[in-house]
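K.L.:
Fold the following and give me the result.
(one chain, ligands or ions: 2)
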Amino acid sequence: MTPDTTPYDAVLLVSFGGPERPEDVVPFLENVTRGRGIPRERLEEVGEHYFLFGGRSPINDQNRAFLTALREDLAGAGVDLPVYWGNRNWDPYLTDTVRQMAADGVTRAACFVTSAYSSYSSCRQYRENLFDAVASVENAPQLDKLRLYFNHPGFVEPVVDAALTALADLPEDVREGAHLAFVTHSIPESMAEGSGPDGDAYVEQHLSVAAEVVERIRQETGRRHPHALVYCSRSGAPHVPWLEPDINDHLERLQADGAAGVVMVPIGFVSDHMEVVYDLDTEALATAEKLGLPATRAATAGVDPRFVAAVRDLLLERAAVERGEEVVRATVGGLPACWDRCAPGCCPNPRGDRPALAGA
Ligand SMILES: CC1=C(CCC(=O)O)c2cc3nc(cc4[nH]c(cc5[nH]c(cc1n2)c(C)c5CCC(=O)O)c(CCC(=O)O)c4C)C(CCC(=O)O)=C3C
Ligand SMILES: [Fe+2]
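P.N.:
Ligands and ions are numbered 1, 2, ... in the order given. Modelled structure (predicted):
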């Protein structure tokens with residue numbers, strides 16, 4: 001039986017975007033940081049990360065691979081919907097994609113954003129970008145943002161397996177005593193405090209994922225590994241507090257405390273973005289090496305078939321909700337499934353209120 005996707009006639013993959021050639025790097029950074037008061041030195045430093053990788057971010061190729069996998073998954077399940085892709089900060093830009101969708105006659109699309117958690121940067125900012133895209137296109141389709149999925153089994157289960165693999169990659173004598181460092185993107189403390197409908201959701205959601213991964217690893221190995229939630233990619237002005245500790249400081253602390261080894265589990269990222277390949281694989285692994293601390297990095301969900309299938313699950317779930325049917329929402333861990341429409345004060349814009357789609 002073909003699954004019922006009514007009222008949707010398309011899926012839209014929404015992502016951050018990244019440069020693909022050295023000439024793209026500076027304009028891309030300008031797009032990302034316009035009006036955000038990021039110090040010049042920080043921008044030059046981040047530009048160097050991109051140049052180290054030939055001026056090419058890995059993120060667009062990862063989205064292309066995800067699109068291919070998603071189209072195959074949907075076709076295999078008998079879901080006959082076109083899948084589009086648009087970015088916030090680089091080509092293909094959301095506005096161009098929405099214009100194409102309108103030209104193709106799309107009337108209502110379900111949007112999957114490559115960002116799993118609540119916060120202004122990871123949720124509302126995408127909603128503002130969706131609003132802007134729709135506002136600038138005539139006859140634009142209605143866009144519904146699929147719920148946040150940090151606690152969807154299709155996201156968490158690949159992370160558990162990846163962490164087990166990364167543990168197995170450690171030398172045998174350090175494996176049992178290894179720490180798990182769950183890593184996510186640092187954000188300003190004030191942004192973290194404002195995240196979600198009641199505040200503090202960003203950290204709370206990550207802690208919930210970390211606890212679930214630790215527990216599932218215990219079920220597999222019989223061992224409850226010591227763990228912490230730590231951060232990477234701090235930006236902004238030095239006097240503005242951001243979430244800490246930084247992964248590099250955390251590694252120093254672990255070494256000083258006599259930890260046997262560490263597995264970095266980048267739960268804040270759905271694929272191996274620049275933050276993962278530079279901040280973790282390049283910088284943090286070098287820190288660990290310098291400290292003589294055995295360390296490995298767990299894979300991200302990427303194109304794991306379970307993660308790809310989660311998009312289909314969220315799409316069919318939401319379609320049923322919009323048809324007025326009862327649904328069972330898949331979740332793991334201690335937090336309930338997220339809402340379909342964000343409350344008015346959810347993840348406020350630190351620079352003042354702007355219109356956003358997908359609100360209640
Ligand atoms: C929470 C969060 C996520 C996760 C959720 C999500 O995935 O959306 C994320 C993802 C990403 N961030 C990315 C890149 C950048 N983020 C920057 C700046 C900032 N990020 C912030 C937060 C986040 N960012 C914040 C609070 C800033 C300060 C400026 C501002 O308030 O907006 C800057 C400017 C330089 C700098 O300031 O570091 C760059 C270049 C890329 C692309 C990577 C690639 O190319 O593979 C991705 C996926
Ligand atoms: Fe970022």
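K.L.:
At the contact with ligand 1, which residues of the stretch 201-350 of the chain appear?
P.N.:
Residues of the stretch 201-350 of the chain lying close to ligand 1 by Cβ under 6 Å from any ligand atom are 233, 235-236, 268, 273-275. (Each C-beta comes from the backbone N, C-alpha and C, glycine too.)
K.L.:
Try it again at 5 Å.
P.N.:
235, 273-274 (Cβ under 5 Å from any ligand atom).
K.L.:
can you pick the most crowded of those?
P.N.:
When neighbours are counted by other Cβ atoms under 10 Å, residue 273 leads these with 24 neighbours.
K.L.:
Spit out the contact partners of the residue nearest to residue 170 when sequence neighbours are not counted.
P.N.:
Excluding the flanking residues, the one nearest residue 170 by Cβ to Cβ, 6 or more residues apart in numbering is residue 261, at 5.0 Å. The neighbourhood of residue 261, defined by Cβ atoms under 8 Å, 6 or more residues apart in numbering, consists of 170-171, 174-175, 177-179, 293-295.
K.L.:
Leaving out chain neighbours, which residue sits closest to the most centrally placed residue in the chain?
P.N.:
Nearest to the mean C-alpha position of the chain, counting by Cα atoms, centre = their mean, stands residue 115 at 3.0 Å. Nearest residue to residue 115, sequence neighbours excluded (Cβ to Cβ, 6+ apart): residue 122, at 4.3 Å.
K.L.:
Quick check: the one you found touching residue 205?
P.N.:
No: judged on Cβ atoms under 8 Å, residue 122 makes no contact with residue 205 at a distance of 9.8 Å.
K.L.:
thinking again about what came up before, quick one, which of the contacts of residue 261 are buried?
P.N.:
Burial by neighbour count, 16 or more other Cβ atoms under 10 Å: within the contacts of residue 261 this picks out 170, 174-175, 178-179, 293-295.
K.L.:
taking these one by one, which sit in strands?
P.N.:
179, 295 (DSSP state E).
K.L.:
Which members of the buried ones among the contacts of residue 261 are the farthest-apart pair?
P.N.:
Using Cβ to Cβ, the buried ones among the contacts of residue 261 reach their maximum pairwise distance at 175 and 293, which is 13.7 Å.
K.L.:
residue contacts, the nearest residue to residue 86 once chain neighbours are set aside?
P.N.:
Using Cβ to Cβ, 6+ apart and skipping residues adjacent in sequence, the residue nearest residue 86 is residue 97, 3.3 Å away. With contact set as Cβ under 8 Å, 6+ apart, residue 97 has these partners: 12, 84-86, 133.
K.L.:
Tell me which of these fall in strands.
P.N.:
Those of the contacts of residue 97 lying in strands (DSSP E): 12, 84-86.
K.L.:
Just the buried subset of these, please.
P.N.:
Counted by 16+ other Cβ under 10 Å, the ones in strands among the contacts of residue 97 give 12, 84-86 as buried.
K.L.:
got TSV for those residues, with distance to ligand 1 too?
P.N.:
Shown next, in TSV, are these (distance: Cβ to the nearest ligand atom, whole Å):
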residue	distance to ligand 1
12	15
84	18
85	14
86	14
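K.L.:
Looking at these, which is nearest residue 161?
P.N.:
For those, the minimum distance to residue 161 (Cβ to Cβ) is 26.5 Å, reached by residue 85.
K.L.:
which residue ranges form the strands in the stretch 101-250 of the chain?
P.N.:
Along the stretch 101-250 of the chain, the stretches classed as strands by DSSP state E, counting those that start in this stretch are 108-113, 142-145, 179-185, 227-232.
K.L.:
Near the closest residue to residue 191 other than its chain neighbours, how many other residues are there?
P.N.:
Distances taken as Cβ to Cβ, 6+ apart place residue 120 nearest to residue 191, at 5.2 Å, with adjacent residues excluded. Using other Cβ under 10 Å, residue 120 has 24 neighbouring residues.
K.L.:
Surely residue 120 and residue 193 touch.
P.N.:
No: the criterion here is Cβ under 8 Å, and residue 120 misses it with residue 193 at 10.9 Å.
K.L.:
got a list of what residue 288 touches?
P.N.:
Counting by Cβ under 8 Å, 6+ apart, residue 288 has contacts 251, 262, 294-295.
K.L.:
Leaving out the residues flanking it, which one is nearest to residue 299?
P.N.:
Spatial nearest neighbour of residue 299, chain neighbours left out: residue 162 (4.0 Å); criterion: Cβ to Cβ, 6+ apart.
K.L.:
How about residues contacting stretch 235-254?
P.N.:
Contacts for stretch 235-254 (Cβ under 8 Å, 6+ apart): 37-39, 42, 46, 179, 181, 183, 186-190, 192, 203, 228, 230-232, 234, 262, 264, 279-280, 283-284, 287-288, 291, 293, 295.
K.L.:
Report the separation between the two terminal residues of it.
P.N.:
Using Cα to Cα, to the nearest Å, one end of stretch 235-254 lies 24 Å from the other.
K.L.:
quick one: buried residues of it?
P.N.:
So stretch 235-254, judged by 16+ other Cβ under 10 Å, has buried residues 235-236, 242-243, 245-248, 250-252, 254.
K.L.:
again with stretch 31-48
P.N.:
In stretch 31-48, counting by 16+ other Cβ under 10 Å, buried: 31-33, 38, 42-43, 46-47.
K.L.:
Repeat that for stretch 200-218.
P.N.:
Going by neighbour count (16+ other Cβ under 10 Å), the buried part of stretch 200-218 is 201-214, 216-217.
K.L.:
repeat for stretch 289-299
P.N.:
For stretch 289-299, a neighbour-count test (16+ other Cβ under 10 Å) marks 291, 293-299 as buried.
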